[in-house]
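Asks: Sequence first, then the predicted structure:
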Amino acid sequence: MVDPLGVALGVFLTLVVVAVHFTRGATWRAPEDISQQVLERRAATVAETGFPEPGNRAIGAGGGAAAAVAGGAEGELEEGGTEAEEEGPWSLPDDEAETFEIEFVKEGATLEVAENETILEAGEDEGWDLPYACREGQCLSCGGHVTDGPSEDFLVHHGQEMLSEDELNDGYTLTCVAYPKADFSIETREAP
Ligand code: FES
């Protein structure tokens, strides 16, 4: 026997479901696409540079140079010329580079170091854990002391910006940007 109350309840629930389905609030609507707005707002907070995208906002020491190279004729290196383009022992091919005997006093070893190689690189090639930070001549982390006299009598510095004339004359050097041009002895881990 059919229960009229059950039928009525079933009909009522069906109507409720149908009503909810066609109500506005139950329909899913995709949110407005604001990605373009977000991108534009973000771009407005970053300073403009002369370099073309995408390399112009690279972070770190190598980013600027990489961006400039990627920028070709528009890069600042092309216009003004910087240390990266300077000629020097660092730009010599390996088969043309002369070598010198460098005594590393604290390490107790004498190495043949090519004139296109830095003192820091030569030590690292031996597996020595020599100190460094910027590798661009802009700190004193890689400092060393030439025991034979003024450091620039024995080394060519490529872009060192930390040592004064007096300190250079006292024999101090930044090994990360120092290329040998004569035989000499050096104490690593020494800064003025
Ligand atoms: S590591 Fe900074 S000057 Fe050499």
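Replies: It's in. Numbering: from 1, shown residues only.
Asks: alpha carbons only for contacts and neighbour counts from here, please
Replies: Fine.
Asks: Run a quick neighbour tally on L92.
Replies: Taking other C-alpha atoms under 10 Å as the criterion, the count of residues near L92 is 15.
Asks: Check L140 too.
Replies: Applying other C-alpha under 10 Å, we find 24 residues neighbouring L140.
Asks: for stretch 137-152, how far is the first residue from the last?
Replies: Chord length of stretch 137-152, first to last residue, is 15 Å (C-alpha to C-alpha, to the nearest Å).
Asks: ditto for stretch 113-127
Replies: End-to-end distance for stretch 113-127, by C-alpha to C-alpha: 14 Å.
Asks: what does it contact?
Replies: Contact with stretch 113-127 is made by 89-94, 97-102, 111, 129-130, 142, 175-181, as judged by C-alpha atoms under 8 Å, 6 or more residues apart in numbering.
Asks: Weed out the non-buried ones from those.
Replies: Buried by 16 or more other C-alpha atoms under 10 Å: 89-90, 97-102, 111, 142, 175-181, out of the contacts of stretch 113-127.
Asks: Please flag which of the residues you listed sit within strands.
Replies: Using DSSP state E, T99, F100, E101, I102, L111, A178, Y179, P180 are the members of these that sit in strands.
Asks: Can I get the residues you listed in JSON lines including pLDDT?
Replies: Below are these laid out as JSON lines (pLDDT from 0 to 100):
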{"residue": "T99", "pLDDT": "96"}
{"residue": "F100", "pLDDT": "97"}
{"residue": "E101", "pLDDT": "97"}
{"residue": "I102", "pLDDT": "97"}
{"residue": "L111", "pLDDT": "97"}
{"residue": "A178", "pLDDT": "97"}
{"residue": "Y179", "pLDDT": "97"}
{"residue": "P180", "pLDDT": "97"}
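Asks: Nothing else from me, thank you.
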